[in-house]
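Participant: dropping a prediction and its sequence here:
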Amino acid sequence: DAGVIQSPRHEVTEMGQEVTLRCKPISGHNSLFWYRQTMMRGLELLIYFNNNVPIDDSGMPEDRFSAKMPNASFSTLKIQPSEPRDSAVYFCASSLRTSGGLDTQYFGPGTRLTVL
Amino acid sequence: AQSVTQLDSQVPVFEEAPVELRCNYSSSVSVYLFWYVQYPNQGLQLLLKYLSGSTLVKGINGFEAEFNKSQTSFHLRKPSVHISDTAEYFCAVSEWQGAQKLVFGQGTRLTINP
């Protein structure tokens, strides 16, 4: 089975440009997570969705960041306008949420974003 | 709120030697505990998880971890490492009872020398 798919794998852009990162979760999973990894702050949860509905976006750094999940098989994370401090690796993860409450998250390979 | 402290940022070890990667957590409620591994230029992969029951948890690739509630620790061990174990290892915690948010430690870079 295919794992979590992210695109692009690498993105280099200039400050002020709009950046869109994409994620396709594992088929059948009903929860999706966006993380950011930097040397300074480590791995941070930005936002997560259950059944396509955003549940907690408290980790989204500011209004320049937005995330959508229009259907169960696709999500986007958009940064507009981008800034150099947004440079990081962005991971998407998905899981199957069960009634027991514990779900293992499966991570994609990440998108390495560089903002010049 | 939970927090995780990985006590060593880097651990160099010779091949076939044992290794222990240390993790301490802080939480006011009961938690689930995880270890993930990240190989270079890849995403995170689950090594093992502690839910309840036996405090010794066995995972993939010969790793195991022991939950110690009194010391709020969840150290990862392997009796004999291989070059292929070179990677970054992350300890993570999530709340019991329905919470889905994972809080990660800063990671420990394990380097295996021949």
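Facilitator: It's in. Numbering: from 1, shown residues only, chains lettered A, B, ... in the order given.
Participant: quick check on A:G42: phi, psi?
Facilitator: Main-chain dihedrals, A:G42, degrees, to the nearest 10: phi 70, psi -150.
Participant: grab the nearest non-local neighbour of it.
Facilitator: B:Q106 (4.7 Å; C-beta to C-beta, 6 or more residues apart in numbering or on different chains). C-beta here means a position set from N, CA and C on the backbone, and glycine is covered the same way.
Participant: can you report phi and psi for the one you found?
Facilitator: When read as degrees, to the nearest 10, the backbone of B:Q106 gives phi -80, psi -10.
Participant: who's the closest spatial neighbour of the residue in chain B positioned nearest to chain A, skipping the chain neighbours?
Facilitator: Going by C-beta to the nearest C-beta, chain A is nearest to B:G43 of chain B, at 3.6 Å. Spatially, and ignoring its direct neighbours in sequence, B:G43 is nearest to A:F107 (3.6 Å; C-beta to C-beta, 6+ apart).
Participant: burial measure for the residue of chain B closest to chain A, as a count.
Facilitator: Neighbourhood size, B:G43 [other C-beta atoms under 10 Å in any protein chain shown]: 21.
Participant: quick revisit: what count of nearby residues applies to the residue nearest to B:G43?
Facilitator: Burial of A:F107 is recorded as 22 neighbouring residues (other C-beta under 10 Å).
Participant: got it, and A:I47?
Facilitator: As a burial measure, A:I47 scores 22 neighbours (other C-beta under 10 Å).
Participant: quick check: the residue nearest to A:G42 vs A:G16, distance?
Facilitator: With distances defined as C-beta to C-beta, to the nearest Å, the gap from B:Q106 to A:G16 amounts to 31 Å.
Participant: those two - which one has more neighbours?
Facilitator: In terms of neighbours (other C-beta under 10 Å), B:Q106 is the more surrounded of B:Q106 and A:G16; the figures are 17 against 10.
Participant: the residue nearest to B:G43 touches B:Y39, doesn't it?
Facilitator: No. With contact defined as C-beta atoms under 8 Å, A:F107 does not count as touching B:Y39 (11.5 Å).
Participant: shared neighbours, the two?
Facilitator: The contact sets of A:F107 and B:Y39 overlap at B:Q45 (C-beta atoms under 8 Å, 6 or more residues apart in numbering or on different chains).
Participant: tell me the contacts of the most centrally placed residue in chain B?
Facilitator: In chain B, the centroid-proximal residue (C-alpha atoms, centre = their mean) is B:W35; its distance is 3.4 Å. By C-beta under 8 Å, 6+ apart, the contact list for B:W35 reads B:21, B:23, B:46-49, B:59, B:63, B:65, B:74, B:76, B:89-92.
Participant: if you set the cut-off to 6 Å instead, what comes out?
Facilitator: B:L47, B:L48, B:A65, B:L76, B:C91 (C-beta atoms under 6 Å, 6 or more residues apart in numbering or on different chains).
Participant: strand partners of the helix or strand containing the first one, parallel vs antiparallel please.
Facilitator: In the assignment (DSSP states H and E), B:L47 maps to strand B:44-50. Strand B:44-50 has the following strand partners under DSSP bridges: strand B:31-38 (antiparallel).
Participant: just give the number of residues close to residue 5.
Facilitator: Picked chain A for this. 15.
Participant: not quite, I wanted chain B
Facilitator: 14.
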